[in-house]
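> here is my input, please return the structure:
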Amino acid sequence: GQGTQPGQGTGLTVALSSNTPASTNVPRNGIRVPFTKINLTASNDGAMNISSIKVHRIGLSDKTHFNQVWAEKDGVRLTSKRSVNADDEALLTFVPALNIPAGQTISLDLVASLSNAEGTGGLSVNTASDITTTNNATISGSFPINGNLMSFTNYTVTEAMFRSTQNPEDDPASVKVGDEDVELAGFDVKANGSKAIILKSLTLKNTGNADLSQVTSDLYIEHSGTKITDTATVSNKNVTFVFSNGGFQINRNESEIFKIKGDIIDSDNSNNTIKFKLDNKEDFVIVEANTGFGSPVKTWGGGTDAN
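Have a look, this model is predicted:
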């Protein structure tokens, strides 16, 4: 084996979170259904880097009822999405590896999308060997770690309606190096249904030619003059925003307007452009209040361009 690497710990403890979802009825065609919440705690002697977790389907359902399975933290997907194989397993890979600082605990949600599900179902981490770390650390816990079983039913989740608030026919605004808190895009979201919705995270793609990591800094989302997201993460053409304080709520049948702002710090090309787009509707993680079920994101009016 690799042995212990410098700066990495020797042990990882895995446990079912006290906040794991209770048994309930869930939508049989849900696009995001949280099944299990687990706590991962690194030993005090060093950080842990987790490369994969194998998740098992449990309950009186069929593997075909689980369309895809993945892991999230605070509404942000951290793993690949995987289907359930013939052995009722889905291997979820972290890219990059999930880092847990020494002595710290991270909570992960094991989530699935469903397809005409029937009966009952849940997600489990069966054995210590189902978790792989980069330094072959000792994994401890009371296995199997089973989430509560959910019953599948017909249920309509409140929709999230997304549109740009800027006219695509308008000429793009000009900005210069040194400008701060510049409005780069705008959009609104409406809760279309019987319950409120909570915005958890949003990933947008820059379809312009600017290198976001070089040209911008301190990107954030603003609502009514208030910053409502934590530090944004830029990766290649994409920027991910996580809404602060567990998410931003929009009451049922109401809409709210948002602005994307940031600082312009550099430009190696006078023709640099920034044009944000919601490239995939699944990149906007929105859940129904009280249930946590994923809200289908639909576009209206201005489409998927955020500016």
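> against N206, how distant is T120?
T120 sits 43 Å away from N206 when distances are taken as Cβ to Cβ, to the nearest Å. Placement of C-beta: from N, CA and C, glycine included.
> and the two? Which one has more around it.
N206 (24 against 16; other Cβ atoms under 10 Å).
> kindly state the beta-bridge partners for the residue nearest the centre of the chain.
Residue closest to the average C-alpha location in the chain (Cα atoms, centre = their mean): V76, at 2.0 Å. Beta-bridge pairing for V76 (DSSP bridges): K73.
> list the contacts for it?
K200, S201, T240, V242, V285 (Cβ atoms under 8 Å, 6 or more residues apart in numbering).
> what's the answer for L60, then?
Here L60 is in contact with G119, T120, G121 (Cβ under 8 Å, 6+ apart).
> what residues are up against the second one?
Contacts were defined as Cβ under 8 Å, 6+ apart; by that measure T120 touches G59, L60, S61, L149, M150, S151, F152.
> so the third one is in which element?
Mapping S61 onto the secondary structure by DSSP states H and E places it in no helix or strand at all.
> any idea how far it is from R77?
23 Å.
> could you do the fourth one as well?
Distance from L149 to R77, counting by Cβ to Cβ: 24 Å.
> the two: who's more crowded?
For L149 versus R77, neighbours defined as other Cβ under 10 Å are more numerous around R77 (20 against 17).
> report how many residues lie close to the nearest residue to the more buried one once chain neighbours are set aside.
Spatial nearest neighbour of R77, chain neighbours left out: W70 (5.4 Å); criterion: Cβ to Cβ, 6 or more residues apart in numbering. Using other Cβ under 10 Å, the number of residues around W70 comes to 19.
> I'd guessed W70 sits against L91; true?
No: contact criterion Cβ atoms under 8 Å: W70 and L91 do not qualify, at 11.2 Å.
> between the two, what contacts are shared?
The contact lists of W70 and L91 share R82, where a contact means Cβ under 8 Å, 6+ apart.
> give me the buried subset of the contacts of T120.
G59, S61, L149, M150, S151, F152 (16 or more other Cβ atoms under 10 Å).
> paired strands for the helix or strand containing the last one, with orientation please.
What that stands for is F152. Per DSSP H and E: F152 is located in strand 150-153. Strand 150-153 has its sheet partners listed here by DSSP bridges as strand 25-27 (parallel), strand 120-125 (antiparallel).
> remind me which residues of the stretch 151-300 of the chain are low pLDDT?
For the stretch 151-300 of the chain, the stretches with pLDDT under 70 are 167-173, 267-270.
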